[in-house]
Each structure stands twice: as C-alpha cells, then as structure tokens.
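Engineer: One predicted model, sequence on top.
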Amino acid sequence: MKKFLFLSALVTTGLLSASAALSQDWTSLKEASRNIRSVKAEFLQKRYLQILTKPLLSEGRLFFYAPDSLKWEYFSPLRSVMLQKGTTIQIYNFSEGVWKPEMTQAIESRRMVLAEISQWFQGRFDESKAFKHDYSPGPPARVTMVPGEGINRFIQRIEIVLSARPGVIDRVEIEEPGGSRTSIEFRNVEINSSFSSEVFEKP
Amino acid sequence: MIRRKGLDICLLGFLILSAGCVPISKTTLSPGSPDDLPGCYAIFPGEPWESVHRIEATLRGGGSSSLLGVTKGEPSERRLQSLLLTPEGFILFDAERRESGIAVRKAVAPFDSSAFARGLMEDVSLLFLPPRVKPTTWGKEMDGAMICNWESPDDSHTEITGSMESGWRILRRNKQGEVIKEVVLNGPFVNGLASRMELRAFKPASYRLRMTLVQPSP
C-alpha cells in the first residue's frame, strides 16, 4: 500500500503537471487537461535521503495515452518499467540481459491507484479521495497536493512547479515526513504527440 | 506458519540454490608477519563512507528481484545503516546495526520480520565490516595474495583470500566447518568499496545477491 502510494505520487504528479498552464486559473486548467490525449516526457529524479550526502539520481521517461495507458520507465541506476494498459498492470526489471517480471505483491494496489490517477489526469480532481489540491498562480504557478489522513504518514505534500510553457512543468517535489524528499525534473515534454500503442504492451 | 513461510521466501529472501557446499581446503597458517596484517583488512573501508548499490537478488526457482541498496558505515564504531529501495525510490527497509543490536526504523511487508532484518544486517556486516577480533592466522602467498583466517567466539570461521589484482573471496563457515556464505569481490575499488560483489548464502536459506556499486561517496 505504501509503495503504491509513493509510486502514484510520482506518476500522478508527472501527468497532472503536464496538463497545467501558467496563465490559467484552476477551472481552465482542468478544462485544458481534458484536451490532453497523450504525454511523452523524460525525467530526472533526485531522491534526497538523510543517509546520503548526495541525492540518488535516477533517469527515465514516461508515456501516457488517455484514458488509462501508462508507461513509467527508469533507465538508471536500475532499469525498470511499469506498464498499464486498461486494467492490466505489468512491472519488469532488466536483469542479466533480459526483462524479468517483478515479483511484487503491489500489482493490484498499483492498478487501483492508476485508475485514480487517470481521473485526475482528465481533470476530475474533485473525485480524488486521496489528495486535496490548491492552486497558486505564481509566478511560477504551482499546484500543491495535500494528502488526507493515513496517506500523510508517507507523503506530506506534493508541489508541482509549472513552467511558462503551457502544458509543461519544471519540476515536482514530493515531501515525506522525516525530511526525505524527491524531486522530479521533466524535460522534452511532448503533449499530444503520436506514438505506437505498443509502448504500453512490452518493456 | 504463514509468517514463517513469508520470512523464508523473503530473506529478501533471495534465492535458493540448493547446493550449499563449497569444498575448501582449510589452510593452516601460523600468525603471519605484522607487516602483512593490514592486508587482511584491505577490502573493508576504514573511514566513514556511504554507497548506493544496484542489487539483483535471485530466488528459488529462478525468480529474481531488483532493488537499490543504500548503505552508510562508521567503521570505528562498527555501525552500519542500510536501506532497501524500489526503483521508484520508495523505502522498503531501513535499519541500523550498532554494537548494542539492530534497530529497525522502517520495514514494509514482506521485509518486516525480525529474521529478515537480522539476516540482511548480517550480510551487510559480512560485506563491509571485518570480524571484531584479530585474525588467528594470516600470510601472503608468493603472488602477493593474502590468506587470512578468523575464529569467532562462537566457533564460526571467516576466511578472506585474494588481492586487489585478482579479486577477493570471503568465506563464512559454521562451527561444523561448512561454508554458509561466500562473497566474491571484484575491483576496481572506489573509495575503498568494491565495484562488484556477489554474495551466495547456502545455509540456512539459499540465495544470491549481485551488487553493483553505482554511487560511492566518501
């Protein structure tokens, strides 16, 4: 459950942020998100842990196709990919030269969360039972997601910093109780570009 | 029963290679030259350190799991803190080993048993901390390779052989002389840490961990 929540925070913030625009108010931002058909982006994730002097760096990319297809992939330091197409979730790790299915118990949890994520992505934020949102026009414009009771034991808040380019964000910050946090910087974000549906089917 | 089963599977639960038996001829050495003694500690970092490893765990039946391992060491205090993370960065396990025992700060199922914590911290200790006592015997071969033997108060044995050029091997034997764990370390060494390590455990559970250093920091 906790793992799934953390992952959902990473994924949802990436998708949600891609739909936000600097000059929009919250209502028009929701409206804009309804026009998002697909998102493609690369990301650099910085994991700040109290145990480490320097952050743990991870690189990857994501693909999203509305309403419920998602590929969230890490290139380094571990090659790992999560695939969602409809209600099917698959997780693979690249090990010893081949992709191997992840032996995880979190598949069902991830499916549930990704369903909620898809709702957010389509502008149905008020349907979320997990997070409350707050929009600040900035500059830079920010969307702050505050978790409800229970989830706040693992995630304190999520802050999405939007770029000046409509539909693109600069970064996402996820804060956890105890001082650890994660920063995800998105780059080369493409909105409504075309790509093969096969990206959601295999690593 | 269920808990016990989960525990066995998990010990991170990492692989089960049934064999468990690595025939080793026991080397009998006299206490070696004091000049050679530091060579017995060459593979263990001597200063405070921290690291990130990519860990590939192979399980019974060929199953596998990939995780990130973050470790911090204070050699002078024989203190180690170890974290296991998913590729997304979620902390599955966080524990600290001190002289007084193991303190688990966070453990998510199926990594939340005391046996898992004990097993993991034993593995981390084997990889990064020398035995507490002085070697009983040690020596240097003609090719420069070190051979060091430790005998613990509980009659278990630790043997370290190798060199920076050829790589190193650590064997942990139980009081019956059976090899229960084997570690192979290969260079280059970065800030005192091996670039690649492979740990095979044979008893009581069998598993294999392949660890690649991805982020060393002093």
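Structural biologist: Great, that's in hand. Numbers count the residues shown, from 1 in each chain, chains lettered A, B, ... in the order given.

Engineer: Tell me which stretches of chain A form helices.
Structural biologist: A:2-18, A:26-33, A:107-121 (DSSP state H).

Engineer: Worst mean pLDDT among the ones you listed?
Structural biologist: Least confident of those, judged by mean pLDDT, is helix A:2-18 with a mean of 46.

Engineer: From B:Thr136, how far out is B:Pro153?
Structural biologist: 12 Å (Cβ to Cβ, to the nearest Å). Placement of C-beta: from N, CA and C, glycine included.

Engineer: which one of the two has more residues nearby?
Structural biologist: B:Thr136 (15 against 7; other Cβ atoms under 10 Å in any protein chain shown).

Engineer: Chain neighbours aside, what residue packs nearest to that one?
Structural biologist: B:Glu151 (4.8 Å; Cβ to Cβ, 6 or more residues apart in numbering or on different chains).

Engineer: And that neighbour, its phi and psi?
Structural biologist: Backbone torsions of B:Glu151, given as degrees, to the nearest 10, read phi -120, psi 120.

Engineer: How much space separates it from chain A?
Structural biologist: 33 Å (Cβ to the nearest Cβ, to the nearest Å).

Engineer: which residues does that residue contact?
Structural biologist: Shown in contact with B:Glu151 (Cβ atoms under 8 Å, 6 or more residues apart in numbering or on different chains): B:Val133, B:Thr136, B:His157.

Engineer: Which of those sits closest to chain A?
Structural biologist: Nearest to chain A out of these is B:Val133 (Cβ to the nearest Cβ; 28.5 Å).

Engineer: residues making contact with stretch B:178-191?
Structural biologist: With Cβ under 8 Å, 6+ apart, stretch B:178-191 has contacts from B:20-22, B:24, B:43, B:45, B:49, B:123, B:126-127, B:162, B:164, B:167-174, B:194-204, B:213, B:216-218.

Engineer: Give me the buried entries from the residues you listed.
Structural biologist: B:20, B:43, B:45, B:49, B:123, B:126-127, B:162, B:164, B:167-174, B:194-195, B:197-202, B:213, B:216 (16 or more other Cβ atoms under 10 Å in any protein chain shown).

Engineer: Need the three-state assignment for B:Ser51.
Structural biologist: Secondary structure, DSSP: H, G, I helix; E, B strand; the rest coil: B:Ser51 is strand.

Engineer: Where do the strands of chain B begin and end?
Structural biologist: B:49-58, B:64-74, B:79-85, B:91-98, B:101-107, B:137-140, B:146-151, B:157-163, B:167-173, B:179-190, B:193-201, B:207-217 (DSSP state E).

Engineer: close to chain A, is the second one?
Structural biologist: Yes - when contact is scored as Cβ under 8 Å from any Cβ of the partner chain, part of strand B:64-74 falls within range of chain A: B:Ser64, B:Ser65, B:Ser66, B:Leu67, B:Leu68, B:Val70, B:Lys72.

Engineer: Export the residues you listed as a markdown table, with columns for pLDDT and neighbour count.
Structural biologist: A markdown table is the format used below for the residues of strand B:64-74 next to chain A (pLDDT from 0 to 100; neighbours: other Cβ atoms under 10 Å in any protein chain shown):
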| residue | pLDDT | neighbour count |
| --- | --- | --- |
| B:Ser64 | 75 | 21 |
| B:Ser65 | 82 | 21 |
| B:Ser66 | 87 | 21 |
| B:Leu67 | 90 | 23 |
| B:Leu68 | 94 | 26 |
| B:Val70 | 96 | 21 |
| B:Lys72 | 96 | 21 |
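
Engineer: Now flag whichever of the residues you listed is closest to A:Glu31.
Structural biologist: Of all the residues of strand B:64-74 next to chain A, B:Leu68 has the smallest distance to A:Glu31: 39.6 Å, by Cβ to Cβ.

Engineer: Please list all residues in contact with the closest one.
Structural biologist: A:56, A:77-78, B:52-55, B:84-87, B:89, B:214.

Engineer: looking at chain B, which helix or strand does the model trust least?
Structural biologist: Lowest mean confidence among the helices and strands of chain B (mean pLDDT, DSSP states H and E): helix B:2-10, at a mean of 41.

Engineer: residue ranges with poor pLDDT in chain A?
Structural biologist: In the predicted model, chain A carries pLDDT under 70 at residues A:1-26, A:28-30, A:32-33, A:103-128, A:165-167.

Engineer: which residues of it fall in strands?
Structural biologist: Using DSSP E, strands in chain A cover A:38-48, A:56-65, A:69-76, A:80-85, A:88-95, A:98-101, A:131-136, A:142-147, A:157-162, A:169-175, A:181-191.

Engineer: give me the number of residues near A:Ala66?
Structural biologist: 17.

Engineer: State whether it and A:Ile191 are indeed in contact, as I suppose.
Structural biologist: No - applying Cβ atoms under 8 Å as the test, A:Ala66 and A:Ile191 come out as separate, 11.4 Å apart.

Engineer: what sits in contact with each of these two?
Structural biologist: A:Ile36, A:Ser38.

Engineer: Spell out which residues of chain B are next to chain A.
Structural biologist: Counting by Cβ under 8 Å from any Cβ, the residues of chain B near chain A are B:50, B:52, B:54, B:56, B:59, B:63-68, B:70, B:72, B:81, B:83, B:85-92, B:108-110, B:214-215, B:217.

Engineer: Any chance of a PyMOL selection covering the buried ones in those residues?
Structural biologist: To isolate the buried ones among the residues of chain B next to chain A in PyMOL, judged by 16+ other Cβ under 10 Å, type:
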select buried, chain B and resi 50+52+54+56+59+63+64+65+66+67+68+70+72+81+83+85+86+87+88+89+90+91+92+108+110+214+215
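
Engineer: Can you point out the buried residues in stretch B:185-193?
Structural biologist: Residues of stretch B:185-193 classed as buried by neighbour count (16+ other Cβ under 10 Å): B:Leu185, B:Gly187, B:Phe189, B:Gly192, B:Leu193.
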